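# below are the sequence and a predicted model; questions follow.
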Amino acid sequence: MEYAIGIDIGGTNVRAGVVDRDGKIASKAMLRVGDVKTAKQMVKLMGSLLSELRPPKDAEIVGIGCGMPGIMDSEKGIIGHSPNFPDWKEVPFKAMLEKEFGAEVLLDNDANMCAIGEHRWGAAQKWDDFIMITLGTGLGGGIIVDGSLVHGMCGYAGEVGHMTIEREGWPCGCGNHGCWEQYASSHFFKRRGLGGHEAEALAKKGNSAAKEVWREFGQNVGIGIAGLINNFGITNFVVGGGLARAMPLYQRAMKSEIKARSYAQNYAKFKVKKSTLIDDAGILGSAGAFFEAMDWMLFLSAGNA
């Protein structure tokens, strides 16, 4: 039976799973990123992660799909820049991983892979047009139009976290200032002297200061989503990433901000869903993307171009 390995690299955790064509995960594992900074260190960590997987005895591993944070040339498998890993500049990860693991590798941006996962097996199965927002260590985006992922002319479409929402705002790892990511990810909570989990626990206990932090966070999320609605005319959104779990704490403020900043005609059609796959979205999307690419190549090789 055919399986693909899906790998999801985040700023905090690295996850992997052995996935079949129906989106069932036979085995999965997770490791903390810790002090990993260089590309070679990440490849080594990925090797340790894959060694913890236990594929079924009848498994035929056809290849590896991998979602990685940053600006990605998916065709060449090169990461140009990654704000959460500043040492990564023009890194040929595809070639490095294929040499290390002796298997064919497909790379794409991590949020793009989450979008594919939610479209195939998660919250967006009934949507052919939606925008995926991942709120975690950073803020990523994946854009699906007519059922297909949008890469754009340069291949980097979906870097929504680096829209400027404050002209003289907080500095960002991308080199800019005032990026949405700084106001709607874990960076925001760190600047408030909290971690996301700590802020969530305090707010659920009724702490008024924590509740206010989540309200402001929701406003920040809403500002960015309203901008995307106004620019793309897409009104379906899936919110994933670790901070999606706390969505009840900020959803009201988020929706209020979106309503105030988008056209009434668009807001009337606005729909938002919390990821149903959460931590597995990137694993499933990465494996699913590999299966799609493999099937397309087989289709072309059969003379169906």
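Right, received. Where do you want to start?

# quick check: which ranges of the stretch 1-150 of the chain have low pLDDT?
For the stretch 1-150 of the chain, no stretch is flagged by pLDDT under 70.

# do you have the helices of it handy? List them.
Listed in chain order, the helices of the stretch 1-150 of the chain (DSSP state H, counting those that start in this stretch) span 39-51, 93-101, 110-121.

# output these as CSV; include the columns mean neighbour count.
Where you see a C-beta, it was placed from the backbone N, CA and C, and this is true even at glycine. Shown next, in CSV, are the helices of the stretch 1-150 of the chain (neighbours: other CB atoms under 10 Å):
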stretch, mean neighbour count
helix 39-51, 16
helix 93-101, 18
helix 110-121, 28
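
# okay, the ones you listed in JSON lines with distance to Phe291 next?
Converted to JSON lines, the helices of the stretch 1-150 of the chain look like this (distance: least, CB to CB, whole Å):
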{"stretch": "helix 39-51", "distance to Phe291": "18"}
{"stretch": "helix 93-101", "distance to Phe291": "17"}
{"stretch": "helix 110-121", "distance to Phe291": "9"}
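
# tell me how far the residue positioned nearest the centre of the chain lies from Trp180.
Centroid check for the chain by CA atoms, centre = their mean gives Ala111 as the closest residue, at 2.3 Å. Applying CB to CB, to the nearest Å, the value for Ala111 to Trp180 is 13 Å.

# skipping its backbone neighbours, what lies nearest the residue nearest to the centre of the chain in space?
Distances taken as CB to CB, 6 or more residues apart in numbering place Gly140 nearest to Ala111, at 2.8 Å, with adjacent residues excluded.

# and what of Glu52?
Ala29 (3.9 Å).

# number of nearby residues for that neighbour?
Ala29: 17 surrounding residues under other CB atoms under 10 Å.

# for it, which residues are in contact?
Ala29 makes contacts with Arg15, Ala16, Gly17, Leu49, Leu50, Glu52, Leu53, as judged by CB atoms under 8 Å, 6 or more residues apart in numbering.

# what's the neighbour count on the closest residue to the fifth one other than its chain neighbours?
Distances taken as CB to CB, 6+ apart place Ala16 nearest to Leu50, at 6.0 Å, with adjacent residues excluded. By the other CB under 10 Å criterion, the neighbourhood of Ala16 contains 27 residues.

# so Ala16 sits right up against Ile9, yeah?
No. Using CB atoms under 8 Å as the test, Ala16 is too far from Ile9 to be in contact (9.3 Å).

# shared neighbours, the two?
Met46.

# name whatever forms a beta bridge with Leu31.
Under DSSP bridges, the beta-bridge partners of Leu31 are Val14.

# phi first, then psi, for the closest residue to Glu118 other than its chain neighbours.
Excluding the flanking residues, the one nearest Glu118 by CB to CB, 6+ apart is Ala124, at 4.5 Å. Recorded main-chain torsions at Ala124 are phi -110, psi 20, according to degrees, to the nearest 10.
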